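Chemist: Task: produce atomic coordinates for the following.
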Amino acid sequence: MLTLMCLGISCQPITDNQRLFSIAVSRVQHLHLLAQRLFSEFESSLQTEEQRQLNKIFLQDFCNSDYIISPIDKHETQRSSVLKLLSISYRLVESWEFPSRSLSGGSSPRNQISPKLSELKTGILLLIRANQDAPEIFTDTSTLQLAPYGNYYQSLEADESLRRTYELLACFKKDMHKVETYLTVAKCRLSPEANCTL
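Modeler: Here you go, the predicted structure:
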């Protein structure tokens, strides 16, 4: 089913696939902005010395999702296939299913994270299925079973809890940025008149 979208002089058909991409990109942009806001609010609640120490520690640590093989720079991202970008995005979103629960609580925006991630994961899965050349269905949802952020959930002292929260928020922000970039590039590739530069 095609829908026509007219912009100024040119009218071009919008496919269901492009519509799904637009929805997915919109959802991940929302999650990325939410992650940025939560991280900024957390940082602003810290003392200057705490913030400096946490920044230093975070540079040495890495996120659980760093185990997911993904493009290392914008050139590799642009060379990656649409299906590869979708698969990486799916795995990144999936890696947050369990840890996102600890981001919930308190404010209303925090309580939106898990349901929004679930919706995004479903949308990306639909896009993967729609963009596969072969008739097999992408069902490889169990290949990535990351540990749920190590011992994040054990009872910790105040300083350690602060570091874990900082790390979790920073990683969530980083991963949502990656997913936003990958979905935007994949969507752009399927657009007829697109210039897909990062």
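Chemist: Could you pull out the strands in the chain for me?
Modeler: 3-7, 10-14 (DSSP state E).
Chemist: The ones you listed: lowest mean pLDDT?
Modeler: Note on those: lowest mean pLDDT is at strand 3-7, with a mean of 37.
Chemist: mind showing which ranges of this structure have poor pLDDT?
Modeler: 1-14, 51-52, 55-61, 104-109, 133-159, 192-198 (pLDDT under 70).
Chemist: how about the helices of the protein, start to end?
Modeler: 16-44, 48-60, 74-79, 82-94, 100-103, 108-111, 113-131, 158-189 (DSSP state H).
Chemist: Which among these is found nearest to Tyr67?
Modeler: helix 82-94 (9.6 Å; CB to CB). C-beta coordinates here come from the backbone N, C-alpha and C atoms, glycine included.
Chemist: export that closest one as CSV, just CAs?
Modeler: Extracted as CSV, the C-alpha positions of helix 82-94 are listed here (Å, rounded to 0.1, in the frame of the first residue of the first chain):
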residue,chain,number,x,y,z
VAL,A,82,20.8,-1.9,6.1
LEU,A,83,20.3,-5.4,7.6
LYS,A,84,23.5,-5.2,9.6
LEU,A,85,22.6,-1.8,11.0
LEU,A,86,19.1,-3.1,11.9
SER,A,87,20.6,-6.3,13.5
ILE,A,88,23.0,-4.3,15.6
SER,A,89,20.3,-1.9,16.6
TYR,A,90,18.1,-4.8,17.7
ARG,A,91,20.8,-6.3,19.8
LEU,A,92,21.6,-2.9,21.5
VAL,A,93,18.0,-2.4,22.3
GLU,A,94,17.6,-6.0,23.5
